[in-house]
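Peer 1: no FASTA, just this:
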């Protein structure tokens with residue numbers, strides 16, 4: 001039987017974060033820094049700079065994400081945190097048009113990235129990561145959590161394009177569709193105050 005556990009990404013988990021971000025997809029080169037930077041700033045960074053941005057973010061805290069483990073081995077990652085700290089979101093026109101929440105509201109958190117190693121896909125890691133992220137946000141005082149998943153029933157995408165998560169994972173965790181970014185890309189939210 002497979003055991004899935006999760007931990008918030010602190011400096012102690014740095015090597016585990018790096019392992020979770022490798023083994024499939026763009027995680028190794030992106031370092032999950034994409035949500036933090038506007039396009040012009042993203043395009044000006046190298047992989048090495050993105051590694052240092054993530055390292056600094058984890059070192060300075062609070063943890064910007066959760067690591068999932070399968071039988072003790074780092075296998076997946078999710079980025080979760082206050083929306084204002086994820087600068088790209090406010091500059092993404094589709095999100096700005098679809099959300100009903102002000103971008104400066106730090107009680108609104110966002111899930112912006114999933115990364116699961118190829119050898120651990122199909123084991124329920126995204127659901128475990130999302131559940132841990134919601135618990136983390138709730139414990140940190142978040143009022144609402146937003147996500148920007150892909151509706152895999154409406155559009156066909158490669159597994160590499162699923163870093164936003166699948167709509168079914170969010171719905172399974174109690175999120176509701178509250179807007180649409182474009183066809184096949186809903187905006188979902190979970191109210192933690194109720």
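Peer 2: Alright, I've got the coordinates. Bear in mind the structure is a predicted one, so any value in this text is a computation, not a measurement.

Peer 1: Given whichever strand or helix holds residue 110, what are its sheet partners and their directions?
Peer 2: Per DSSP states H and E: residue 110 is located in strand 108-116. Applying DSSP bridges, strand 108-116 is found paired with strand 73-82 (antiparallel), strand 144-147 (parallel).

Peer 1: Which stretches in this protein count as helices?
Peer 2: For the chain, the helices defined by DSSP state H occupy 14-20, 27-30, 39-43, 47-60, 93-98, 125-139, 167-172.

Peer 1: buried residues in the shortest one?
Peer 2: For helix 27-30, the neighbour count (16 or more other Cβ atoms under 10 Å) marks 27, 30 as buried. Heads up, the C-betas are built off the backbone N, CA and C, glycines and all.

Peer 1: where does that helix sit relative to the chain's centre, distance-wise?
Peer 2: 13 Å (Cα atoms, centre = their mean, to the nearest Å).

Peer 1: ok, residues contacting that helix?
Peer 2: 20, 21, 22, 47, 50, 77, 115, 163 (Cβ atoms under 8 Å, 6 or more residues apart in numbering).

Peer 1: helices and strands of the protein: which one has the lowest mean pLDDT?
Peer 2: When the helices and strands of the chain are scored by mean pLDDT, DSSP states H and E, helix 27-30 comes last with a mean of 89.

Peer 1: that older thread, can you tell which of the strands paired with strand 108-116 is closest to residue 7?
Peer 2: Proximity to residue 7 (Cβ to Cβ) singles out strand 73-82 among the strands paired with strand 108-116, at 9.2 Å.

Peer 1: Next, the contact list for the nearest residue to residue 104 once chain neighbours are set aside, please.
Peer 2: Closest residue to residue 104 apart from its sequence neighbours, by Cβ to Cβ, 6 or more residues apart in numbering: residue 84 at 5.8 Å. Counting by Cβ under 8 Å, 6+ apart, residue 84 touches 90, 103, 104, 105, 106.
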